[in-house]
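Asks: can't give you the sequence, but here's the structure:
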């Protein structure tokens, strides 16, 4: 009986000690005030983390709203110059260019991608002249230029990997000649990073960087983007034979490993928020610059919910961007770049 009472007393004392220890450790103390929260903050988002994707259209002095992406416009080259000047004044380090190609200029081979005077190349030259200190990132893929809407050349319903890679090398060289600082292949063809690196080096573009879309998934979140570049109606079938299965994670490590071995300077995961685990895994495994693309569907969801009054749009924007940094991303391609930069600048001034 005495042993039982003693055991109960020991248990009571242990519980009391545990309770006292738990009360001694109060994480809420560090959250009590804004200054304290700032001091202990683990992850910091800055304007240096932002890359702004912009859409281009033919013409002059024209901004054309993208209906599926509230607040986003397609810009003529002269308007793009003004917009990028504003972005540079906010401290945004780089912009990524995506063209809306006139359907009359699209064909099965994506020939317009190789035109040294195409929309992207004209924009590159204008931007490099007007805003030489901002980085220019260009998409290497054929989907904005093909009549079938795919990223590669086709034979029947089959994507031709090696023939496509040869064309992508020529596209990358065309963009490098026009002033691209970073070539970003988004096509997901096997072997394209090594071929593009070899092509750039042979043409004396050894300083041009490659940001590989290493893990690009066959995602449902691309819809508004395809509307913006005019491929949603043109696309025949789907892209599941070359873009990754959303169920796969280990495969992303294989794709990234191949791209690193082939000479990629930076890695990207696309989409972003549904694949934060992939961002973390790539960063931990390869310890090299890693980026996430907050794609059109992610942007449009936040904008739609905000416009319906269902959430605080600015707060959701900043929280989502911070989550990429917390997951290990060194930067984010985001259509929120201008709004986020203004918000960050206001916070610094405040």
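Replies: On my side now, so go ahead. The shown structure was predicted, so the numbers you read here are calculated from the model rather than taken from an experiment.

Asks: which residues in this structure form strands?
Replies: Residue ranges of the strands in the chain, as given by DSSP state E, are 50-56, 63-65, 73-75, 94-99, 135-140, 154-155, 158-159, 182-185, 209-216, 266-270, 290-294, 331-334.

Asks: Could you report the separation of the residue most central in space within the chain from residue 235?
Replies: In the chain, the centroid-proximal residue (CA atoms, centre = their mean) is residue 293; its distance is 1.9 Å. Here the criterion is CB to CB, to the nearest Å. By it, residue 293 lies 19 Å from residue 235. Every C-beta, even on glycine, is put in place using the N, C-alpha and C of the backbone.

Asks: which residue packs closest to residue 85, ignoring adjacent ones?
Replies: Among residues not flanking residue 85 along the chain, residue 131 sits closest, at 5.6 Å (CB to CB, 6 or more residues apart in numbering).

Asks: Can you verify my assumption that the one you found contacts residue 81?
Replies: Yes - in this structure, residue 131 is within contact of residue 81 by CB atoms under 8 Å, at 7.2 Å.

Asks: the more surrounded of these two?
Replies: Per other CB atoms under 10 Å, whichever of residue 131 and residue 81 has more neighbours is residue 131, with 21 against 17.

Asks: Which phi and psi values does the more buried one adopt?
Replies: Backbone torsions for residue 131, taken as degrees, to the nearest 10, come to phi -130, psi 70.

Asks: Equivalent analysis for residue 91, please.
Replies: According to degrees, to the nearest 10, residue 91 has phi 90, psi 10.

Asks: How about the one 10 residues further on?
Replies: According to degrees, to the nearest 10, the main-chain angles of residue 101 amount to phi -90, psi 130.

Asks: any idea how far it is from residue 59?
Replies: On the measure of CB to CB, residue 101 and residue 59 end up 13 Å apart.

Asks: repeat for residue 282
Replies: From residue 282 over to residue 59 (counting by CB to CB), the distance is 39 Å.

Asks: Who has more neighbours out of these two?
Replies: Comparing residue 282 with residue 59 by neighbour count (other CB under 10 Å), the higher total belongs to residue 282, at 29 against 14.

Asks: Contact partners for the more buried one?
Replies: Applying CB atoms under 8 Å, 6 or more residues apart in numbering to residue 282 gives the contacts 214, 215, 252, 253, 256, 267, 269, 290, 328.

Asks: what pLDDT does the closest residue to residue 176 other than its chain neighbours get?
Replies: Using CB to CB, 6+ apart and skipping the chain neighbours, the partner closest in space to residue 176 is residue 205 (4.5 Å). Residue 205 is assigned a pLDDT of 98 by the prediction.

Asks: same deal with the one 5 residues further on?
Replies: We note a pLDDT of 98 for residue 210 in this prediction.

Asks: And for it, the neighbour number?
Replies: Applying other CB under 10 Å, we find 23 residues neighbouring residue 210.

Asks: That one touches residue 264, doesn't it?
Replies: Yes - taking contacts as CB under 8 Å, residue 210 lies within contact range of residue 264: 5.1 Å.

Asks: so where's this protein shaky on pLDDT?
Replies: Along the chain, the parts satisfying pLDDT under 70 run over 1-9, 11, 14-22, 347-350.

Asks: For residue 38, see how far away residue 80 is.
Replies: Taken as CB to CB, the span from residue 80 to residue 38 is 36 Å.

Asks: do the same with residue 60
Replies: As judged by CB to CB, residue 60 and residue 38 stand 46 Å apart.

Asks: just residue 54 next, same as before
Replies: For residue 54, the distance to residue 38 equals 32 Å [CB to CB].

Asks: All good on my end, thank you.
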